[in-house]
Structure formats: C-alpha cells, structure tokens
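Q: Output the structure for:
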Amino acid sequence: MKSNLLSHINNPTDLRKLDVTQLPQVAKELRDFIIDVISVREGHLGASLGVVELTIALHYVFNTPDDLLVWDVGHQAYGHKILTERRTKFDTNRQLGGISGFPKRSESVYDTFGVGHSSTSISAALGMAIASQLKGENKHHIAVIGDASIASGMAFEGLNHAGVTGANLLVILNDNAIGIDPSVGALKNYLTAVKEGKNPKQNNMIKSLNFDYSGPIDGHDINLLINELQRLQKVKGPKFLHIITTKGKGLQLAEEDQVKYHAPGKFDAATGKIHKQSEEHLPMKFQDVFGLTLVELAKNNPKIIGITPAMPSGSSMKFMMEAFPDRAFDVGIAEQHAVTLSAGMATQRMVVFCNIYSTFLQRAYDQLIHDVALQNLPVIFCLDRAGLVGEDGATHHGVFDLAYLRCIPNMMIYAPKDEIDLQNILYTASLGLNHPIAIRYPRGRGNLVDFRMQLAERRFQKIEIGKAKLLKEGTTIAVLSTGFIGNNVTLALSELHNPETIAHYDFGFVKPLDEKTLHLIFQNYKKVITIEDGAIKGGFGSAIIEFAMGNNYHLPIQTLGVPDAFIEHGTVNELQQICKIDVKSLVNLFSI
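A: Alright, predicted model coming up:
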C-alpha cells in the first residue's frame, strides 16, 4: 500500500523534494482531498479539480513564493491553497473566521494578488514583472487565466501591453471551454479551431502580439507540463502556454455537468451525487422570479431584450435565452460591453433588461455614467446578488451599489421587499420609463412560501414611481427600510412587547425619494432609524440625512447598514450580525 504523500506536503519546498515519478500520486491525493472537503463544506469544485496537475507542476518547477504566481478569478485555487501551508485548515474554507475561497494577499505570501473578479491576472502579473525589471531582480511571473476570462477586454489590454515590454511574463491559458457557464463568442470559436488543428499556425493571434506561443498541450499530463514549464523558464520575454483541461476532472458527474458542479453544494464524495433538497415548501429564488417574469413579459412585448455578461444560469437569464434565443444575449465576461450594448439597443427603442451581479456592475461604471445616464437612455439594470452574499466574501458582496448609483443624475433605484414587488417593478419598467433604472435584489430565496409562478394567471400591478409604503403604524419612532432587509425589521417588530411606538416604512425607491412621505415622517415622529443592506457611507441612510439637512429638520437619525469596512466571508446571517442588521440585533435596538 502506498504511503500518503499529501499529508507530508506543507509547502512547495516539501513538494520539490519528491521525485517526479511520485507526482501523479500527489495529484490523485490532492484531487481526492478537495472532493472530500468540498462535498461536506461546499465551495467551488469543478475549476479546482481541472487544474490539479497544473497546480502541482507550477509549484514543482517554479520557486514560489519568490517566483510570483497569479490565479485569475481564483475559483481554481483550492489545490494551490492546500499545497501552500493551508492544508490543515482547508476545511474552514469560506466559513466565518476561516480561509477565503479566493487568493488573498493578507492570508498567505503565496497569494501574490487578491482576486475574485475575472481577467485581472495578466495586468497584475505584468505589473509585477515590470517592477522586477526595474529592480534588477531575476524572477518569474506567471498568470493563469481561463478561456472565458481571457475574452474580457481587460485581459486583451494586458496582452497588448505585455507584447511590447520584453517582461519576464508567462501567461498560461487554461482552456476548458467553460467559465461558470459555457464560453461564448468568436474567440472561443478560434480557440476551438486551434485545439482541433483547424487553424493554420501562421494565423496565431497570440504570436502576432509578440508572445512566444506554445501548445496546445494536455493539461492533465503532469510530465509534459513539467517539461514544458522547465523549457519556458529559459525563454526570455513574454511567453504564452496553451493547455487543454477538463473542468471537474476526476469526478465523473462533475465532468458531465460542468455548470452544476461549478459550485454544487453538498454531495456524496464517492459518487459525486448531489444531496438534493426538496424545494416544494421553499420560497422561490429571486433570480428565478426575475427570469420567469421576464419570459412572461417578453411574450407580450416583442421589443423586450435580455442581456447578461456570462451569467445566464446565475441570473436565470437562461429562461429568456431558451424561450427567445434571438432576443437574449450572453456576451461573455464583458460587463462594459454589456452596458454599452444595452445603451445602443435603447437608442432604437428596445426595452433592454441588462442583468448583472451588483458586484460586477462596478466594472462598468464609466459606461453606466457616460453611455447610459448622460444620454438618459432607459436601460433596465437588474442587479442580482445585491447586499451581503455570504461565503464568497468581500470580492462579491453587492453592498456598494446604492452609494455608487445614487450620485448619478437620471438614475432611478428600486429595491423590492419581496417577490411580488420584484415582479411588479419589472412589469412597470417594461411599460416604458423616462430614465434608466437599477433594480437591486438579493442572492437566494424570497420569503413568500405560497408564492407561485403561475404568471399567466397573475395580474401585474404598476408601481407608482418614487412612492414609499407604510407597513406598520407607530407613534414615536419611524423605521425606514429599503429592499429585502426590511423583512428583518418586520420580524423584529413582531417580537416586541410594546411595538406600538414604532412605525415601519418601506422605501422601495431610494431614488427618487418619496419626499411627501418624508415630510410627514419628520413632522410627526421623534426619531428616525434607517436600515439597508448596503454601505452606510453614501447609501440610503445618507439620502435621508441629506433630505433632513436640506429641509432644516433636526430629528435624531440613526443609520444602520454595512459599516465602512470590507466585510469578509461567512453566512449571510453571521455577516448581518456583524453589521447589526440581523433580527436579534434589531430587537435589542428597538427594545431600548
């Protein structure tokens, strides 16, 4: 019986002590270790399984951490973390107080660059390589990027610059034809032709950018990888290695359904079979409310268009793509393009629903201002994963959108309190607006267990723009909430012994604000409390303070939300506790 090798590898130095003939065993043990932990603890599975051999080869050949290794996005970096002094605490991955699900500079010297959003690796590694040149250091700099991420504009910007620098940079293209969803676009077709040997070598676009190109090679042949990496160590200037891998490698079901096994939840480690949870008595996911509502609206309005940057499954735009394939577009990891494409369509009077995760819309801020808002084009932005998203942590929380959108002229902002509100605002927007609007809603499920998507029978109601709602009357304190976090207020008030002093208002519209209702509030209550699941600085609470100041009101105003800090990973409830916006914290506050 073979001895366990992985248990004796605490860092890459230990790995390099092994004979190259032992590395296939390390690969099997590393793959099994990832599967065993993630099957119980959950996380991003398929991407890390696909780069096990590459991970081992990189740390075996290069002198990490002195040689600098940057993983793009970081979904695929679990094996890297296990081999770099975090094996014994890998089971804390993505848990409160545990290690991050993504590479993070403050966590390890082996994590040379913090990542989470795609397509940053080439620019970051090039920056490191140029800095090494200037300092006279003889180091290697490696960026590992996937075929979906390299199609992003930022990756091309990095390649374009690198090709004229002579920097000691190695870009490794991990080509598995999939990101979270299957890769799309002309570049994907080009890479497929290269893999299949259908593209003449003289047409190689990477070589034309002054890179020393090699490949494509089998990314699961560890000996081949090591030999090629050792050869590339001796090649000066920018280099590009094209490898072919299989996402989910080593777990048959993960190889067969790569979308589902990107982050499958809990599953059986031996078979890969996902532990199914009955959804019969659960509320619907907000993303599905969006996706199915959009299809229903599109049936009656041929001008409705759906656009998403590489998130058709995560945003449920897939329903629109299946029902109306000519009117729904996955544009790949290209948020800037998605926003301006939407703007272009809006100039032609199309009703454009551009669905982008809140954290990813940050990547298209100039387009939002310059191409949409400045021209007052009525694009409908549907911001999925708004608020605290949980275990993905600081790189993925959608907590800045209220602040970064509120300052933009012409932009309207709406946050539905529940599934019915989401349906109705989508319907209202589809009827035509005079301004662009951002509709923000959280990751996960709503709270209406009896809510059913019998859309053909449901009558949509038009929402009055800029109107707040009184949810509960009170005598002394007015609590103003926006969006889904308002349900925490409702639950907290239901637990109070004397709740009659507290009124609760739902401000679905953060912009424009319902100033008529705000005047009544400030004239009839002794204190105002605002609550949001976004950054306090510049957010909804700030808007209320600005209103009070501008109208010479002097009531005490207490703002609750996400503090001026990057909130790490944990469950949504744990993170709400940290921010003191969970139900228990609100009960304690209201009881004072």
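Q: Just checking: what are the partner strands of the strand ranked longest in the chain?
A: Ranked by number of residues, the top strand in the chain under DSSP state E is strand 527-535. Sheet pairing for strand 527-535, assigned by DSSP bridges, gives strand 477-481 (parallel), strand 557-562 (parallel).
Q: now the helices: where do they sit in the stretch 151-300 of the chain?
A: Under the criterion DSSP state H, counting those that start in this stretch, helices of the stretch 151-300 of the chain are mapped to 153-162, 186-195, 222-233, 252-256, 286-300.
Q: How about the stretch 1-150 of the chain?
A: Under DSSP H, counting those that start in this stretch, the stretch 1-150 of the chain gives helices at 12-16, 23-41, 46-50, 52-61, 78-81, 121-135.
Q: Spatially central, which residue of this protein would that be?
A: Nearest to the geometric centre of the chain sits His396, at 4.8 Å (CA atoms, centre = their mean).
Q: Ramachandran angles for it?
A: phi -120, psi -10 (degrees, to the nearest 10).
Q: same thing with Val352?
A: Per degrees, to the nearest 10, the backbone of Val352 is at phi -100, psi 120.
Q: State the number of residues packed around it.
A: A count of nearby residues for Val352, using other CB atoms under 10 Å, gives 25. Backbone N, C-alpha and C define where each C-beta goes, glycine included.
Q: List the beta-bridge partners for it.
A: Ile305.
Q: Please verify my assumption that it contacts Gly344.
A: No: taking contacts as CB atoms under 8 Å, Val352 lies outside contact range of Gly344: 9.1 Å.
Q: rank the helices of the stretch 151-300 of the chain by mean pLDDT and give me the bottom one.
A: When the helices of the stretch 151-300 of the chain are ranked by mean pLDDT, helix 186-195 comes last with a mean of 82.
Q: Which elements pack onto that helix?
A: Packing partners of helix 186-195 (3 or more CB pairs under 8 Å, 6 or more residues apart in numbering; DSSP states H and E): strand 169-175, strand 239-244.
Q: switch to 10 Å and redo it
A: The elements that helix 186-195 packs onto, with contact taken as 3 or more CB pairs under 10 Å, 6 or more residues apart in numbering; DSSP states H and E, are strand 169-175, strand 212-218, strand 239-244.
Q: picking that back up, hang on, isn't the residue nearest to the centre of the chain packed against Asp384?
A: No: using CB atoms under 10 Å, His396 is not in contact with Asp384; the gap is 11.2 Å.
Q: Of the strands paired with strand 527-535, flag the one that's most buried.
A: Of all the strands paired with strand 527-535, strand 477-481 carries the top mean neighbour count, a mean of 25, counting by mean count of other CB atoms under 10 Å.
Q: Can you give the distance of the helix or strand of the chain with the lowest mean pLDDT from its chain's centre?
A: Ranked by mean pLDDT, DSSP states H and E, the weakest helix or strand in the chain is helix 186-195, scoring a mean of 82. Distance of helix 186-195 from its chain centroid, counting by CA atoms, centre = their mean, to the nearest Å, is 26 Å.
Q: circling back to that earlier point, quick one: the helices and strands packed on helix 186-195 as a markdown table, columns for distance to Gly98, mean pLDDT and mean neighbour count too.
A: Listed next are these as a markdown table, based on distance: least, CB to CB, whole Å; pLDDT from 0 to 100; neighbours: other CB atoms under 10 Å:
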| stretch | distance to Gly98 | mean pLDDT | mean neighbour count |
| --- | --- | --- | --- |
| strand 169-175 | 26 | 96 | 26 |
| strand 212-218 | 34 | 93 | 16 |
| strand 239-244 | 31 | 96 | 23 |
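Q: can you tell which of those strands is closest to Asn551?
A: With CB to CB as the measure, strand 169-175 is the member of these nearest Asn551 (56.3 Å).
Q: Just checking: what are the partner strands of that closest one?
A: strand 141-146 (parallel), strand 239-244 (parallel).
Q: quick one, the first one and helix 52-61 angle?
A: With axes from the mean of the first three to the mean of the last three CA atoms, to 10 degrees applied, the angle from strand 141-146 to helix 52-61 works out at 180 degrees.
Q: do the last one as well
A: For strand 239-244 and helix 52-61, the angle between their directions (the same axes, to 10 degrees) works out to 150 degrees.
Q: His337 touches Ile307, doesn't it?
A: Yes: using CB under 10 Å, His337 makes contact with Ile307 at a distance of 9.5 Å.
Q: who's more crowded, those two?
A: Per other CB under 10 Å, whichever of His337 and Ile307 has more neighbours is Ile307, with 24 against 17.
Q: Quick check, that one in contact with Val351.
A: No: using CB under 10 Å as the test, Ile307 is too far from Val351 to be in contact (11.5 Å).
Q: Next one, pLDDT for the closest residue to Ile408 other than its chain neighbours please.
A: Leaving aside its chain neighbours, Ile408 sits nearest to Ala373 (4.9 Å; criterion: CB to CB, 6 or more residues apart in numbering). Looking at Ala373, its pLDDT is 98.
Q: what does the one 10 residues further on give?
A: Model confidence at Leu383, given as pLDDT, is 98.
Q: so it bridges to which residues?
A: Beta-bridge partners recorded for Leu383 (DSSP bridges): Ile356, Arg440.
Q: going forward, begin numbering at 48 instead of 1
A: Happy to do that; since the first residue is 48 now, the last one works out to Leu430.
Q: Show the contacting residues for it.
A: Contacts were defined as CB atoms under 10 Å, 6 or more residues apart in numbering; by that measure Leu430 touches 362, 401-408, 445, 448-449, 452, 460, 462, 485-489.
Q: For the stretch 298-447 of the chain, give me the ranges with low pLDDT.
A: Residues of the stretch 298-447 of the chain meeting the criterion pLDDT under 70: none.
Q: burial of Thr159, as a residue count?
A: Using other CB under 10 Å, the number of residues around Thr159 comes to 21.
Q: Please name the residues that touch it.
A: Here Thr159 is in contact with 111-112, 114-118, 150, 152, 171-172, 175, 188-189 (criterion: CB under 10 Å, 6+ apart).
Q: Appreciated, that's everything.
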